[in-house]
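Undergrad: Pasting a predicted model and its sequence here:
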Amino acid sequence: QVQLVESGGGLVQTGGSLTLSCAASGSIRSIDTMGWYRQAPGKQRELVATITRGSSAKYADSVKDRSTIARDNPSTMYLIMGSLKPEDTGVYYCRADGVLLYGVSDKREYWGRGTQVTVSS
């Protein structure tokens with residue numbers, strides 16, 4: 001089975017920065033795309049940023065000028081966000097898409113349980 005574990009959330013002041021990490025474990029052969037999503041109270045989950053196995057990155061317009069997503073090996077991903085705003089508050093989820101496991105022929109999707117980010121005004 002595959003587990004995605006997020007870390008790095010917490011309470012941050014407006015204008016501050018944080019680094020979120022996501023580590024995938026299990027019998028993983030490869031992961032096509034990893035991404036960060038967030039969900040604010042009372043709102044739908046939304047995409048923050050994604051990065052492919054070839055390091056091609058995409059960002060939501062709301063974060064693209066102040067965020068960097070990176071992968072330093074096939075199963076670990078980071079999100080560095082600066083100039084944080086109260087509207088960045090939410091639970092941040094890690095997603096792995098196109099996951100190929102050893103001994104399995106089809107690709108799958110997995111989600112982490114999330115890490116809370118609270119930006120105080």
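TA: Yes, it's here. Numbers count the residues shown, from 1 in each chain.
Undergrad: Which secondary structure state does residue 16 sit in?
TA: Secondary structure for residue 16, judged by DSSP: H, G, I helix; E, B strand; the rest coil, is coil.
Undergrad: residues in contact with it?
TA: Contact analysis of residue 16 by Cβ atoms under 8 Å, 6 or more residues apart in numbering lists 82, 84, 119. For the C-beta atoms, the positions are set from N, CA and C on the backbone; glycine is no exception.
Undergrad: shaky segments in this protein?
TA: Along the chain, segments meeting pLDDT under 70 are nowhere present.
Undergrad: give the contact list for the residue lying farthest from the centre of it.
TA: Within the chain, the residue lying farthest from the chain centre (Cα atoms, centre = their mean) is residue 103, at 26.4 Å. Residues near residue 103 by Cβ under 8 Å, 6+ apart: residue 27.
Undergrad: Which one of the contacts of residue 16 is nearest to residue 66?
TA: Of all the contacts of residue 16, residue 82 has the smallest distance to residue 66: 4.8 Å, by Cβ to Cβ.
Undergrad: shouldn't the closest one be in contact with residue 17?
TA: Yes - under the criterion of Cβ atoms under 8 Å, residue 82 makes contact with residue 17 at 4.2 Å.
Undergrad: element containing the closest residue to residue 94 other than its chain neighbours, please.
TA: Nearest residue to residue 94, sequence neighbours excluded (Cβ to Cβ, 6 or more residues apart in numbering): residue 22, at 3.5 Å. Using DSSP states H and E, the secondary-structure element containing residue 22 is strand 18-25.
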